[in-house]
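Participant: here is a sequence together with a model predicted from it:
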Amino acid sequence: MIESNKTWYRKGLTDGVPIALGYFAVSFTLGITAKNAGFAPFQSMLTSMLINASAGEFAGFTLIAAGAGFLEVAVMEFIANARYLLMSCALSQKLSPDTPLRHRLILGFYITDEFFGLSIARPGYLNPFYTYGMITLGGPAWALGTLLGCIMGNVLPVSIVNALSVGLYGMFLAIIIPPARKNRVIAGLVVISMAASYLFEKLPVVRDISSGIRIILLTILIAGAAAVLFPIKEESEHKIYLYIGIMALVTYLIRVLPLTLIRKEIKNRTIRSFLYYVPYVTLAVMTFPAILSATGSIYSAWAALIVGVLLAFKGRSLFQVAVFSCIVVFVLELFIC
């Protein structure tokens, strides 16, 4: 029996509830980051509406706050979101060959880790309306959370802002630690990436390089080396809007071009390996040592890092890791630090 579009849409709505809740909590901390980068509330919400990528948005906000140029932001967006190339290629194989172009364009816009994970897991060909159901809840939750984070960051007590500031890093840990637990290569890459990121921040010569350039260099060098050695098996108002446009355009092209143009699996092992390792290296470099300066106390930051790693290692969800990391910081800074 072929299920109707309405039935698939309802299934997507049901499966989208936990995603929406997690998106709201995590994007709230992203809104605080946007505020610190000089974004107005509407601009922060617009960024999340157009990009829908935590790592990409965070990288963009970080670079913009550091005074990076448009080209630097574009390159970083490509690197931070490169994993969507493989996701888009994989998802293209789940769509019926006669799926209209309009569905491919819409699905490409909303390829995220969570939407992709549930969509690709459905048996048989994917009915686009299943993904649309998840998007109906998850998309607005992501944008609304960013908006409220940017607004509330101005009025919340410092202890709460400090606590929420580690939420995004907690989510990054929840993304990179579980695969590292199962794959020794990824585990090594995460450790090497964090150590290299810390050294680059402290060593006399390289510490003068902007944080954005450091992230780009480390990601290309470490992920590139891993791809060769361990190939996988099989500012002003108008300027802010230009940044948003560049980030959105690069992210969307990464997502939609493979989905609409490529119908066959990528065969080049080195390219597949490089794209496979990129997200783990990028998120590890972005997480450490940046998380240590995200709070008002080095002790609460270390505590959040340890709790986040342990929870992620135990397989807890993005939402749980982010929330408990925030709670640890809040409690320590309120009563101890």
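Facilitator: Sure thing, it's come through.

Participant: ranking helices and strands of the chain by mean pLDDT, which lands last?
Facilitator: Within the chain, confidence by mean pLDDT, DSSP states H and E is lowest for helix 158-165 among all helices and strands, at a mean of 67.

Participant: show me what the helix or strand following it is packed against.
Facilitator: Following helix 158-165 in sequence order, the next helix or strand is helix 167-182 (DSSP states H and E). In terms of contacts (3 or more Cβ pairs under 8 Å, 6 or more residues apart in numbering; DSSP states H and E), helix 167-182 is packed against helix 5-36, helix 54-65, helix 184-202, helix 269-287, helix 298-313, helix 318-335. For every residue, glycine as well, the C-beta is placed using N, CA and C.

Participant: wouldn't residue 280 be in contact with residue 180 here?
Facilitator: Yes. Residue 280 is within contact range of residue 180, at 7.2 Å (criterion: Cβ atoms under 8 Å).

Participant: where in the stretch 101-250 of the chain is pLDDT low?
Facilitator: Of all residues in the stretch 101-250 of the chain, those with pLDDT under 70 make up the ranges 121, 154, 156, 158, 160-168, 171-172, 210-213, 216, 233-238.

Participant: and with 80 instead?
Facilitator: Counting by pLDDT under 80, the stretch 101-250 of the chain contains low-confidence residues at 113-114, 117-118, 120-123, 153-172, 174-175, 205-217, 219, 232-239.

Participant: report the contact partners of residue 73.
Facilitator: Under the criterion of Cβ atoms under 8 Å, 6 or more residues apart in numbering, the contact partners of residue 73 comprise 60, 63, 64, 212, 243, 246, 247.

Participant: hang on, the earlier thing: ranking the helices and strands packed on helix 167-182 by burial, who's on top?
Facilitator: Of all those, helix 54-65 carries the top mean neighbour count, a mean of 25, counting by mean count of other Cβ atoms under 10 Å.

Participant: what angle do that helix and helix 269-287 make?
Facilitator: When axes from the mean of the first three to the mean of the last three Cα atoms, to 10 degrees is applied, the directions of helix 54-65 and helix 269-287 differ by 60 degrees.

Participant: just checking, what packs against helix 54-65?
Facilitator: If you count contacts as 3+ Cβ pairs under 8 Å, 6+ apart, helix 54-65 packs onto helix 5-36, helix 41-51, helix 70-80, helix 167-182, helix 211-229, helix 237-261, helix 269-287.

Participant: got the ones you listed as TSV, with distance to residue 192 columns?
Facilitator: Output for the helices and strands packed on helix 54-65, formatted as TSV (distance: least, Cβ to Cβ, whole Å):
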stretch	distance to residue 192
helix 5-36	25
helix 41-51	28
helix 70-80	17
helix 167-182	11
helix 211-229	6
helix 237-261	25
helix 269-287	8
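
Participant: indicate which one of those helices is closest to residue 115.
Facilitator: Proximity of these to residue 115 was assessed by Cβ to Cβ; the nearest stretch is helix 5-36, lying at 7.4 Å.

Participant: pLDDT score for residue 309?
Facilitator: Among the per-residue scores, residue 309 holds a pLDDT of 91.

Participant: against residue 214, how distant is it?
Facilitator: Using Cβ to Cβ, to the nearest Å, residue 309 is found at 22 Å from residue 214.

Participant: do the same with residue 294
Facilitator: Taking Cβ to Cβ as the measure, residue 294 falls 17 Å from residue 214.
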